[in-house]
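A.B. asks: turn this into a structure:
(2 chains)
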Amino acid sequence: MTQNKPVRILAIAPTARGFGYAVMEGSRRLVAFSNKSILKNKNERTLVWVEKFIRRYEPAVLVLPAVNAADTRRAKRIKQLHQRLVGLATKHKLKVKLITTTKVRERLLGQVKGNKQSQAEMLAGLFPIELAPRLPPKRKVWKSEDPRMDIFDAAGLAVAFWPK
Amino acid sequence: MKSLPNYLQAQRKRLALSQEEVGFLLGLNGMNKGNKVCRDETFAREPSLLDALAYEVIYGRPVRELFAGLHHQAQQRVAERAKVLSFRKVRNADPRREQSIIQLAETASVNPINP
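C.D. replies: Numbering: from 1, shown residues only, chains lettered A, B, ... in the order given. Next comes the predicted model:
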């Protein structure tokens, strides 16, 4: 369902600590993006936030990561949240587009191999004004992932929605 | 695609300003200066004309571009009224009047600008 028509899309990247979101109008315009950290009742609160964003931005398509794809391994909670997000999109009569990790990498890096840092750097290059200031430093092996990376996960999904 | 009521958040992030800083530049008083800006950005409030013009100065973009959705809405409403006005009969009507009303009525079919 990749398309050239200018539509507004909302990309949601659920993560262990909350979720990242990105709203795009056409392939070059990033309207809104951020990450939300949720500590308790993660699924319930994420759904409340996503519904708020759907009402606010009135997107035509909800872009989600394909959590059941062969190249992906996600927690049970994330899979349950994913199902409920699809249900929420149906309730609001939105189209749902599932994008695999491999497709995001192929779209951003031009190859199947690569890491999240190089994807984030690529996105920061695509949107230097919006995303470059949010680019986290390269993760040290003994550190956990920077919460800002959630934004790049969502932005990657949003960019991968559009054809090259 | 229908434009959003405003694109204030995107413009603020472009300049890397905080809501509190924009509130200060708008001349808002009190501790919670950023709250009003937040409500503007989330479409919970329509700013006054003075605030809208201040946003234009801060972000360096025209009001019609910052408030694209509202501009489109106003454009549609004026065009609808212009159509009604075009049916009104006026004695010795000025051709310039006719011309301007027809032009306004035609703007309804024009797509909104995309900032």
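A.B. asks: quick check: closest non-adjacent residue to B:Asn6.
C.D. replies: Leaving aside its sequence neighbours, B:Asn6 sits nearest to B:Phe67 (CB to CB, 6 or more residues apart in numbering or on different chains; 4.7 Å). Quick note: C-beta positions are derived from backbone N, CA and C, even for glycine.
A.B. asks: quick check: next helix or strand after the helix or strand containing A:Arg84?
C.D. replies: Using DSSP states H and E, A:Arg84 falls within helix A:76-91. The helix or strand immediately downstream of helix A:76-91 is strand A:95-99, counting by DSSP H and E.
A.B. asks: so what secondary structure elements neighbour the helix holding A:Arg84?
C.D. replies: Packing partners of helix A:76-91 (3 or more CB pairs under 8 Å, 6 or more residues apart in numbering or on different chains; DSSP states H and E): strand A:8-15, helix A:42-57, strand A:61-65, strand A:95-99.
A.B. asks: same thing but 7 Å
C.D. replies: Helix A:76-91 is packed against strand A:8-15, helix A:42-57, strand A:61-65, with contacts defined by 3 or more CB pairs under 7 Å, 6 or more residues apart in numbering or on different chains; DSSP states H and E.
A.B. asks: give me the buried positions along it.
C.D. replies: A:Ile78, A:Leu81, A:His82, A:Leu85, A:Leu88, A:Ala89 (16 or more other CB atoms under 10 Å in any protein chain shown).
A.B. asks: cool, stretch A:155-164 as well?
C.D. replies: Buried residues in stretch A:155-164, counted by 16+ other CB under 10 Å: A:Ala155, A:Gly156, A:Leu157, A:Ala158, A:Val159, A:Ala160, A:Phe161, A:Trp162.
A.B. asks: contact partners for the fifth one?
C.D. replies: Remark: with contacts taken as CB atoms under 7 Å, 6 or more residues apart in numbering or on different chains, A:Val159 is in contact with A:Arg107, A:Leu108, A:Leu123, A:Leu126.
A.B. asks: can you give me the helices for chain B?
C.D. replies: Ranges of helices in chain B, per DSSP state H, are B:8-14, B:19-26, B:33-41, B:49-59, B:63-66, B:68-87, B:95-106.
A.B. asks: closest one to chain A among the ones you listed?
C.D. replies: Relative to chain A, the nearest member of the helices of chain B by CB to the nearest CB is helix B:8-14, separated by 5.2 Å.
A.B. asks: per-residue pLDDT, B:Arg39?
C.D. replies: pLDDT, B:Arg39: 93.
A.B. asks: doesn't B:Arg45 make contact with it?
C.D. replies: Yes. Using CB atoms under 7 Å, B:Arg39 is in contact with B:Arg45, at 4.1 Å.
A.B. asks: next, the buried residues of stretch A:54-70.
C.D. replies: Judged by neighbour count using 16+ other CB under 10 Å, the buried positions of stretch A:54-70 are A:Ile54, A:Arg56, A:Tyr57, A:Pro59, A:Ala60, A:Val61, A:Leu62, A:Val63, A:Leu64, A:Pro65, A:Ala66, A:Val67.
A.B. asks: against B:Leu15, how distant is the fourth one?
C.D. replies: In this view, A:Pro59 and B:Leu15 are 25 Å apart by CB to CB, to the nearest Å.
A.B. asks: contact residues of chain B facing chain A?
C.D. replies: Residues of chain B lying close to chain A (CB under 7 Å from any CB of the partner chain) are B:Met1, B:Lys2, B:Leu4, B:Tyr7, B:Gln9, B:Ala10, B:Lys13, B:Arg14, B:Ala16, B:Thr42, B:Phe43.
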